[in-house]
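Have a look; sequence and predicted model below, questions after that.
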Amino acid sequence: MYSVLPADHDPKISDDPDSEDSKKKHIETIQKWSIKIFAVKMFPKEEAYTKRLENYRKKYEDNDLYSSLEELYKLYYQIAREKNRKRSDEEIKQMLKAMKYSCL
């Protein structure tokens, strides 16, 4: 007899909803979606992105804060625009590495 498993089934993670691994995976999923929802609400269209940066540019034009905000909002805008898809561990590591160096 064969059993059918869902496509996202991970044999390393327990199916018990009360297990620590299951709770950790659930929390990570919520955090990931919270960032995506926040980014989409913040920048529903390109106009919102442009307008927000324009306002900050006027307010903080002689300050390093503007460049930091610009980098942060660029990241949020990219998150808001990208399609939902599963990423490999290597792709995630590369993204984090790129973010680390762009913030220095």
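Cool, got the structure.

Show me where this protein has its helices.
For the chain, the helices defined by DSSP state H cover 20-42, 46-59, 64-81, 89-102.

which parts of the first one are buried?
Of the residues in helix 20-42, A39 count as buried by neighbour count, 16 or more other C-beta atoms under 10 Å. Every C-beta, even on glycine, is put in place using the N, C-alpha and C of the backbone.

on contacts alone, who are the packing partners of that helix?
Other helices and strands packing on helix 20-42, by 3 or more C-beta pairs under 8 Å, 6 or more residues apart in numbering; DSSP states H and E, are helix 64-81.

Put together CSV for the helices of the chain, with mean pLDDT on each row.
What follows is the helices of the chain, written out as CSV (pLDDT from 0 to 100):
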stretch, mean pLDDT
helix 20-42, 77
helix 46-59, 89
helix 64-81, 85
helix 89-102, 73
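
got a list of what N84 touches?
K36 (C-beta atoms under 8 Å, 6 or more residues apart in numbering).

next one: phi and psi at it?
Dihedral pair for N84: phi -70, psi 130, per degrees, to the nearest 10.

same thing with K83?
phi -80, psi 150.

do P44 as well
Phi and psi for P44, reported as degrees, to the nearest 10, are phi -70, psi -30.

How much space separates it from K51?
In this view, P44 and K51 are 12 Å apart by C-beta to C-beta, to the nearest Å.

Find residues that contact each of the two.
Counting by C-beta under 8 Å, 6+ apart, P44 and K51 have no common neighbour.

how deep is Y76 tucked in, by neighbour count?
Using other C-beta atoms under 10 Å, the number of residues around Y76 comes to 20.
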